[in-house]
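S.K.: Sequence plus the predicted model coming up.
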Amino acid sequence: MRFYLLSLGCPKNTVDSEGISRLLQQAGHEAITEPESAQLLIVNTCGFIDKAKEESFAALRELAELEQPGQFLIAAGCLSQRYGRELATKVPSLDGVIGTRRWMEITTLVRNLRSKDYPRGKPAVMTGDPLEGIAEPMRGALRGASAYLKIADGCSAPCAFCAIPAIKGPARSRPLEAIVTEAQQLVGRGAREIILIAQDTTAYGRDRGERDALPTLMGAILTAAPDLQWLRLMYAYPQHVTSHLIEVMARHPRVCHYLDMPLQHGHPEVLRRMNRPHDVDEVRRLVADLRETMPDIALRTSFIVGYPGETEEEFSALLDFVAEMAFDRVGVFTYSPEEGTRAAELPCQVPTKVREERYARLMELQQGISLARNQQVVGRVLKVLVEGQSEGLSVGRSYRDAPEIDGLVIIEGELPVGEMVLVRITGAMEYDLVGEPVSPVPQSPLFHHCCGTGGTGVA
Ligand code: SF4
């Protein structure tokens, strides 16, 4: 069958989409990009916040309108995991629903749908726990020369606003050997950058009683994949960032000096209501430690504004915190009550208008900070992974930029896509940098693959 797969939501969903696509192709189905010509239409939905849910519903309805006799429409992903049966009533022509814990059974679902004996008129819903004994398929999602590699799924943190633990269940870490093998395979398929992802990557191994397994995993990947150039870490939980992890990040030249560590707020009382670690001074010490150990580190974080009960004073404290910490990048979300979460039941929900106004104030503040941080990079030579070119310009990313969420480096000249080149940064904007190529790329073993500097401090 020809299948069309639309992947919505975050990189973790992208990884699952890649897995779904691979399983279907292994079973002889053909991936196509035109929904009209597909016999199988799949939307890998996102159920994180209201906006994401609406987008997922809209995509399903749009495809449902296109659906012709002989076509099957399947909803996969977080929204399906959470609202499986309800989804079936909201999108009447849906044929199948498969959740985040069962996507590896996609070929079974397709086989069932195609079977003459299968009852029509009611969608097949597969959202329970996975069947025992299913072989774990390869989960890395390769995009150009970058690959997401999922190291765990689910989350055991108790954040009061988040529906992820209810959707995905507690954190379950994948075996180290399976991840290392997959990293090797991804590098064999052309990956130059591997991005480790999970709901909380720094919780890796904790479900097995291992307190500090992530640095061990990173070391094992780097040893097993000597051609890997960048290993990047996303989604760290501040309390789980250990001194061992910082030491490994600083010591290994191929680990990007980059950390995405969502903090959610900067006022202890709001953090307490969020059921998050609320010792803000501890966060200050952690950030100081990261910057002292890796002076070139790029730090990304995200905050929620308009959390229930957030006063103007608490929000002002968040603004002060953001100004003080000068993170390189900040993502801002307006609070959205999620069904089944404790935060949704809290009194004093902040009016939408106030949430939006706070969003705009925080974004405006951070834009100036991001620009100042980018300006500090002007004059440095960075290693850049080229990802595209057109009309005399190339675009790429340095170690400071994760794909899709951070900025780009815009380079003069048409450079080979998929290659790493050295670029001297000549200009800075709020999100992006501008530069010119410096050649040739040095091959010295002392060359720091991550930040492009040479020599000192490289183990
Ligand atoms: S750590 Fe992240 S995924 Fe886990 S409950 Fe908190 S916000 Fe949700």
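M.R.: Ah, there it is.
S.K.: surely Thr341 meets Ile164?
M.R.: No - look at Thr341 against Ile164 with Cβ atoms under 8 Å: they stay out of range, at 9.7 Å. Just so you know, the C-beta spots here come from the backbone N, C-alpha and C atoms, and that holds for glycine as well.
S.K.: Looking at these two, which one has more neighbours?
M.R.: Each of Thr341 and Ile164 has its neighbours counted (other Cβ atoms under 10 Å); Ile164 has more, 21 against 17.
S.K.: what does this structure put close to the ligand?
M.R.: Proximity of the chain to the ligand (Cβ under 6 Å from any ligand atom) is limited to residues 155, 157, 159, 162, 164-165, 199-200, 237.
S.K.: just the buried members of those residues?
M.R.: With burial judged by 16 or more other Cβ atoms under 10 Å, the buried subset of these is 155, 157, 159, 162, 164-165, 199-200, 237.
S.K.: and Arg111, how many neighbours?
M.R.: 12.
S.K.: Assign the residue of the stretch 351-459 of the chain found nearest the ligand to helix, strand or coil.
M.R.: Closest residue of the stretch 351-459 of the chain to the ligand, Cβ to the nearest ligand atom: Ile405 (15.5 Å). On the three-state scheme (DSSP: H, G, I helix; E, B strand; the rest coil), Ile405 is labelled coil.
S.K.: give the contact list for it.
M.R.: Counting by Cβ atoms under 8 Å, 6 or more residues apart in numbering, Ile405 makes contact with 260, 300, 329, 331.
S.K.: Not counting residues beside it along the chain, what's closest to the residue of the stretch 251-400 of the chain found nearest the ligand?
M.R.: Residue of the stretch 251-400 of the chain nearest the ligand, by Cβ to the nearest ligand atom: Pro262 (6.6 Å). The shortest distance from Pro262 to any non-neighbouring residue, by Cβ to Cβ, 6 or more residues apart in numbering, is to Ser302 (4.5 Å).
S.K.: Identify the residues contacting that neighbour.
M.R.: By Cβ under 8 Å, 6+ apart, the contact set of Ser302 is 262-264, 330-333.
S.K.: helix or strand for it, which one?
M.R.: Here Ser302, judged by DSSP states H and E, is contained in strand 298-305.
S.K.: any idea how far the closest residue to Glu314 other than its chain neighbours lies from Glu324?
M.R.: Closest residue to Glu314 apart from its sequence neighbours, by Cβ to Cβ, 6+ apart: His267 at 4.3 Å. Distance from His267 to Glu324, counting by Cβ to Cβ, to the nearest Å: 13 Å.
S.K.: who's more crowded, these two?
M.R.: In terms of neighbours (other Cβ under 10 Å), His267 is the more surrounded of His267 and Glu324; the figures are 21 against 10.
S.K.: As TSV, the contacts of Ile405 with neighbour count and secondary structure would be great.
M.R.: Shown next, in TSV, are the contacts of Ile405 (neighbours: other Cβ atoms under 10 Å; DSSP: H, G, I helix; E, B strand; the rest coil):
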residue	neighbour count	secondary structure
Asp260	22	strand
Arg300	21	strand
Arg329	23	strand
Gly331	16	strand
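S.K.: Quick check: what element follows the worst-scoring helix or strand of the chain on mean pLDDT along the chain?
M.R.: Across the helices and strands of the chain, mean confidence by mean pLDDT, DSSP states H and E is lowest for strand 141-143: a mean of 70. Once the chain leaves strand 141-143, the next helix or strand it forms, by DSSP H and E, is strand 146-150.
S.K.: Partner strands of that following strand and their direction?
M.R.: Neighbouring strands of strand 146-150 in its sheet, by DSSP bridges, are strand 141-143 (antiparallel), strand 193-197 (parallel).
S.K.: Domain parsing of this protein, as residue ranges.
M.R.: 2-126, 141-375, 381-438 (automatic domain parsing).
S.K.: Lowest average confidence across those domains, which one?
M.R.: Here the lowest mean pLDDT among these goes to domain 2-126, at a mean of 83.
S.K.: Figure out how far it is from the centre of its chain.
M.R.: Counting by Cα atoms, centre = their mean, to the nearest Å, domain 2-126 is centred 21 Å from the centre of its parent chain.
S.K.: Pull out the buried positions in stretch 276-295.
M.R.: Across stretch 276-295, burial judged by 16+ other Cβ under 10 Å covers 276-278, 280, 283, 286-287, 290, 294.
S.K.: One more: stretch 381-389?
M.R.: Neighbour-count burial for stretch 381-389, with 16+ other Cβ under 10 Å as criterion, is recorded at 382-387, 389.
S.K.: How about the secondary structure of the closest residue to Ile49 other than its chain neighbours?
M.R.: Among residues not flanking Ile49 along the chain, Ser336 sits closest, at 4.4 Å (Cβ to Cβ, 6+ apart). Secondary structure of Ser336, reduced to three states by three-state DSSP: coil.
S.K.: neighbours of Ser336, just the number please.
M.R.: When counting by other Cβ under 10 Å, one arrives at 18 neighbours for Ser336.
S.K.: ok, back up a step: Three-state assignment for the residue of the stretch 251-400 of the chain closest to the ligand, please.
M.R.: Here Pro262 is recorded as coil under three-state DSSP.
S.K.: ok, now which ones touch it?
M.R.: Residues in contact with Pro262 (Cβ under 8 Å, 6+ apart) are 235-237, 301-302, 331.
S.K.: Kindly report the same for Leu318.
M.R.: Leu318 makes contact with 265-267, 270, 303, 305, 362, according to Cβ under 8 Å, 6+ apart.
S.K.: Out of those residues, which comes closest to Ser370?
M.R.: Set against Ser370, the nearest of those by Cβ to Cβ is Leu362 (12.1 Å).
S.K.: thinking that closest one is in contact with Val305, fair?
M.R.: Yes - under the criterion of Cβ under 8 Å, Leu362 makes contact with Val305 at 5.8 Å.
S.K.: more crowded one of these two?
M.R.: Comparing Leu362 with Val305 by other Cβ under 10 Å, the one with more neighbours is Val305, at 25 against 19.
S.K.: still on that earlier bit, for the contacts of Leu318, give me a markdown table that also has distance to Ala88 and secondary structure.
M.R.: Shown next, in a markdown table, are the contacts of Leu318 (distance: Cβ to Cβ, whole Å; DSSP: H, G, I helix; E, B strand; the rest coil):
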| residue | distance to Ala88 | secondary structure |
| --- | --- | --- |
| His265 | 37 | coil |
| Gly266 | 42 | coil |
| His267 | 42 | coil |
| Val270 | 38 | helix |
| Phe303 | 36 | strand |
| Val305 | 35 | strand |
| Leu362 | 39 | helix |
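S.K.: Could you dump these into a markdown table and include distance to Thr311?
M.R.: Below are the contacts of Leu318 laid out as a markdown table (distance: Cβ to Cβ, whole Å):
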| residue | distance to Thr311 |
| --- | --- |
| His265 | 12 |
| Gly266 | 14 |
| His267 | 9 |
| Val270 | 9 |
| Phe303 | 16 |
| Val305 | 12 |
| Leu362 | 15 |
